[in-house]
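Undergrad: sequence and computational prediction follow.
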Amino acid sequence: MSEESEGELEARLPEGESFEPPESFVEQANVTDESIYEEFAENWPDCWERAADMLDWEEPYDQVLDDGDAPFYEWFVDGKLNASYNCLDRHVEAGRGDEVAIEWVGEPTDETRTYTYDELLDEVQEFAAALRDLGVEEDDVVTMYMPMIPELPVAMLACARIGAPHSVVFAGFSADALATRMNSADSEYLVTCDGYYRRGDPLDHKDKADEGLGGVDHGVETVVVDRLGDELEHDLDDDQHDYDDLIGDHAGAEVEPVTRDAEDMLFLMYTSGTTGKPKGVKHTTGGYLSYVSWTSHAVLDIKPEDTYWCSADIGWITGHSYIVYGPLALGTSTVMYEGTPDYPDKDRLWEIVDDYDVTQLYTAPTAIRAFMKWGKEYPDQHDLSSLRLLGTVGEPINPRAWKWYYKHIGDESCPVVDTWWQTETGGMMITTLPGVGEMKPGSAGPPLPGISANVVDMNGDEVEPGEAGYLTVDKPWPGMLRTLYQNDERFIEEYWQEYSDEDADEWVYFPEDGAKIDDDGYITVLGRVDDVINVSGHRLGTMEVESAIVGVEGVAEAAVVGGDHDLKGEAVYAYVITEDGYEGDDDLRERIIEGVEDAIGPIARPEEVIFSPELPKTRSGKIMRRLLEDIANGDELGNTSTLRNPDIVDDIAGKVGED
Ligand code: 6R9
């Protein structure tokens, strides 16, 4: 746990206000009965049958929850199913094959593609057959390093079909990040592409993938999707295969979905933690798919006839759960957009909502803050009346941004669900049920039915309403991570050690977020309390950024913290000590920024690099990151009396904002 005091968490609290769910929404909502909270509490854990019932099982499970080896919980024990069958075949078998599964909107305004469930199933089978031909067997990890193109969900579902877990690496991550993840997962297969568009220009992606492959310590078979056609030509090596050729070779292939155990791994997703090494979060077939289906139904109010849009990237967990698996399991039409919200103009999202009659929009507070800044004239140019529900995820939303979204996008007739969850939780955990609970801007809401979340102090005792504390979850749930890939020990250390009583076999999950709770049980999540920075809703480990910086020639030591940022929520501030013989000049600053972009990706680019002769350290030699945060934010400095070198603080503070 970090040194942040509860008083400092307090400073992040928003003001109170509430809104009733709009009548027109309630009339048609999937879940409207308030008694669901009680029903789930009384029947826990059997209440989760309701989530499992949303799927088609090849063989029924014998037991809802096995907690015999906690915290290695097992859900829907001995049940058998296939995720690709549940997302595709069953809708086709129900006669819905000609309905739209994916509406893909390219960045170029004239480029769109529509996949019906029939078409998606065909291509998934063809690619599944191709993967098998390349040697992919059940339980082999297949890595995907792809932007927002339809071949990404095709590849994910093809893997699910043949029981090969996927590991999707965000396309904006660097070559190094790709290599680290492929090595960590012993992944011998990669699906990538030649490039994609960014603000009108073709962007090379394959060069970066090739560079990453250079760092992989074993042989890899690679599939390359030709996204850019003649715009970008690439040569393929012997172990690199063209996607279209493979699909052509396997035209009309039929591949039976492999029978998977409920607890078999569906995918791995790497995420940042306190140490420098990303964590491979393991999600399973039965529990995860049940959980994302249930939350898509209960919170996003998804119905088969909807055109639902989550504007996240599939390279993050939000895209996995709420662009691909949840929406497709429910048989709806899911929109996928390749580009950015401001290209060719700042009304692009609203144009898409208008053109496709989008019914739900799920986006991030960072995007909403940008829309606010651009002004309401952009949404005002379009008819947004098709919208029925709005959602946010990824970081706390400030009440002002919430209200702007509610008013200018939702016309005060759409509920806003502020959904708190994590890569590790698989799906949403804390949010209002849109047809049931009143909304309080700035507060995510109560824990969902069946979820037992609390706000506690450092000793694990519940805090009084209104007081800041730490968020904990003291009952398991089906969508939870099962472990960190090949690292059970770190799984326990990272999530369970802090608040569990191992001797009493009482297990408490600690998400490493600060929070407070009000008299109605509504939880306001205040942000991370570990060394993780949340930049535009994306998690970055300070240690990962620090190790990238100390890898740069001329850097002796570095400390990285998150400072407040109007649009991004938080931004990266890097404090750097130079090596003897090196100047803290523009050249070194450039090389540091480049070093971070090469090691992680542009999202980790430091907002400021501050050169300093020393870093503030405690007598035991620990860097006081909290002080560096105060400095970055221009806040009054906390207690410096425990420092070994208190004088250095004013010195550093004078340098912030210099460059
Ligand atoms: C889904 C996702 C998880 C971290 C989480 C928390 C922050 C997410 C939030 C929120 C306040 C919300 N977070 N949703 N904070 N209110 N509605 O974002 O997963 O990338 O793993 O990040 O994001 O700090 O711990 P992930």
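TA: Now that the structure is in, tell me what you want to look at. Everything numeric in this text was worked out from a predicted model, so none of it was measured.
Undergrad: please name the bridge partners of whichever residue of the stretch 451-600 of the chain sits closest to the ligand.
TA: In the stretch 451-600 of the chain, no residue comes nearer to the ligand than residue 525, which is 3.7 Å away by CB to the nearest ligand atom. All C-beta spots, glycine's among them, are computed from the backbone N, C-alpha and C. Residue 525 has the following beta-bridge partners by DSSP bridges: residue 515.
Undergrad: separation between it and residue 474?
TA: 17 Å (CB to CB, to the nearest Å).
Undergrad: higher neighbour count, the two?
TA: It is residue 525, of residue 525 and residue 474, that has more neighbours when counted by other CB atoms under 10 Å, with 25 against 15.
Undergrad: so that one is in contact with residue 512, correct?
TA: No: contact criterion CB atoms under 8 Å: residue 525 and residue 512 do not qualify, at 11.1 Å.
Undergrad: quick one: end-to-end length of stretch 601-621, please.
TA: This stretch, stretch 601-621, spans 30 Å end to end (CA to CA, to the nearest Å).
Undergrad: now it: buried residues?
TA: 601, 603-606, 608-612, 615-617 (16 or more other CB atoms under 10 Å).
Undergrad: what's the spacing between that stretch and its chain's center?
TA: 26 Å (CA atoms, centre = their mean, to the nearest Å).
Undergrad: what does stretch 576-593 give?
TA: 33 Å.
Undergrad: average pLDDT across that stretch?
TA: In this model, stretch 576-593 has a mean pLDDT of 95.
Undergrad: residues in contact with it?
TA: Identification of contacts with stretch 576-593 by CB atoms under 8 Å, 6 or more residues apart in numbering yields 549, 552-558, 574, 605-606, 609-615, 659.
Undergrad: now the terminal residues of that stretch, how far apart.
TA: OK, stretch 576-593 end separation, CA to CA: 12 Å.
Undergrad: which parts of that stretch are buried?
TA: So for stretch 576-593, counting by 16+ other CB under 10 Å, buried means 576, 577, 578, 582, 584, 588, 589, 591, 592, 593.
Undergrad: let me know whether residue 306 touches residue 333 as I believe.
TA: Yes: assessed by CB under 8 Å, residue 306 is found in contact with residue 333 at 6.8 Å.
Undergrad: compare these two and say which is more crowded by neighbours.
TA: Taking neighbours as other CB under 10 Å, residue 306 and residue 333 compare with residue 333 leading, 25 against 22.
Undergrad: please report the distance of that one from the ligand.
TA: Going from residue 333 to the ligand by CB to the nearest ligand atom, to the nearest Å gives 22 Å.
Undergrad: try residue 435
TA: 19 Å.
Undergrad: now do residue 299
TA: 12 Å.
Undergrad: please parse the protein into its domains.
TA: According to automatic domain parsing, the chain comprises the domains 3-10+451-475+487-528, 532-658.
Undergrad: where does residue 230 land in three-state SS?
TA: helix (DSSP: H, G, I helix; E, B strand; the rest coil).
Undergrad: let me fix that: residue 51
TA: Classification of residue 51 by three-state DSSP places it in helix.
Undergrad: state the distance from it to residue 312.
TA: For residue 51 relative to residue 312 (CB to CB), the value is 22 Å.
Undergrad: neighbour count: these two, which is higher?
TA: Neighbours of residue 51 and residue 312, each counted by other CB under 10 Å, are more numerous for residue 51; the result is 27 against 22.
Undergrad: get me the contact residues on the stretch 501-650 of the chain for the ligand.
TA: For the stretch 501-650 of the chain, the contact set with the ligand under CB under 6 Å from any ligand atom comprises 511, 513, 525, 527, 528, 534, 537, 539.
Undergrad: most neighbours, which of these?
TA: residue 525 (25 neighbours).
Undergrad: contacting residues for it?
TA: Per CB under 8 Å, 6+ apart, neighbours of residue 525: 396, 420, 430, 444, 471, 513, 514, 515.
Undergrad: for residue 166, state which of these is nearest.
TA: Distance ranking of those against residue 166, using CB to CB, places residue 420 first at 25.4 Å.
Undergrad: ok, that closest one touching residue 444?
TA: Yes: Residue 420 lies in contact with residue 444 (CB under 8 Å); the separation is 4.2 Å.
Undergrad: name the residues contacting each of those two.
TA: By CB under 8 Å, 6+ apart, the residues touching both residue 420 and residue 444 are 430, 431, 523, 525.
Undergrad: dump these to JSON lines, plus secondary structure.
TA: Shown next, in JSON lines, are these (three-state DSSP):
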{"residue": "430", "secondary structure": "strand"}
{"residue": "431", "secondary structure": "coil"}
{"residue": "523", "secondary structure": "strand"}
{"residue": "525", "secondary structure": "strand"}
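Undergrad: in CSV, list these along with pLDDT.
TA: Converted to CSV, the shared contacts of residue 420 and residue 444 look like this (pLDDT from 0 to 100):
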residue, pLDDT
430, 98
431, 98
523, 98
525, 94
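Undergrad: which two in these are spaced the farthest apart?
TA: Those two in these that are separated most widely, counting by CB to CB, are 431 and 525, at 10.5 Å.
Undergrad: and for those two, which residues touch both?
TA: Contacts common to residue 431 and residue 525, judged by CB under 8 Å, 6+ apart, are 420, 444.
Undergrad: can you pull out the strands in the stretch 201-350 of the chain?
TA: 201-204, 221-225, 240-242, 260-261, 265-271, 279-284, 307-310, 333-337 (DSSP state E, counting those that start in this stretch).
Undergrad: can you list the strands that the shortest one pairs with?
TA: The pairing partners recorded for strand 260-261 under DSSP bridges are strand 80-81 (antiparallel).
Undergrad: which residues touch the strand it pairs with?
TA: Against strand 80-81 from outside (CB under 8 Å, 6+ apart): 55, 56, 57, 58, 59, 259, 260, 261, 262, 285, 286, 289.
Undergrad: repeat that for stretch 639-648.
TA: Applying CB under 8 Å, 6+ apart, the set of residues contacting stretch 639-648 is 612, 613, 614, 615, 616, 617, 618, 619, 621, 624, 627, 649.
Undergrad: go through that stretch and flag the buried ones.
TA: 640, 643, 645, 648.
Undergrad: restrict it to CA atoms and write it as CSV.
TA: Once non-C-alpha atoms are left out, stretch 639-648 reads as follows in CSV (Å, rounded to 0.1, in the frame of the first residue of the first chain):
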residue,chain,number,x,y,z
ASN,A,639,5.2,16.2,5.7
THR,A,640,8.9,16.3,4.8
SER,A,641,10.2,15.6,8.3
THR,A,642,11.0,11.9,7.6
LEU,A,643,13.2,12.8,4.7
ARG,A,644,16.9,12.2,4.7
ASN,A,645,17.3,15.2,2.3
PRO,A,646,14.4,17.7,3.0
ASP,A,647,16.2,20.6,1.3
ILE,A,648,16.0,18.9,-2.1
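Undergrad: pLDDT on that stretch, on average?
TA: Mean predicted confidence for stretch 639-648 is 78.
Undergrad: that stretch: how far from the chain's middle?
TA: The answer for stretch 639-648 is 37 Å, by CA atoms, centre = their mean.
Undergrad: just stretch 89-97 next, same as before
TA: 29 Å.
Undergrad: end-to-end on it?
TA: Note: stretch 89-97 ends 9 Å apart using CA to CA.
Undergrad: what average pLDDT does that stretch get?
TA: So the average pLDDT for stretch 89-97 ends up being 98.
Undergrad: now do stretch 112-128
TA: Across stretch 112-128, the average pLDDT comes to 98.
Undergrad: what residues of it count as buried?
TA: 115-128.
Undergrad: need the max-distance pair from the residues of the stretch 501-650 of the chain next to the ligand.
TA: By the measure CB to CB, 511 and 537 form the most distant pair in those, at 15.4 Å.
Undergrad: residues touching the helix or strand residue 562 falls within, excluding its own?
TA: For residue 562, the host element (DSSP states H and E) is strand 555-565. Applying CB under 8 Å, 6+ apart, the external contacts of strand 555-565 come out as 533-535, 542, 545-546, 549-550, 570-580, 582, 588, 592, 606-608, 615, 623, 625, 628-629, 632-633.
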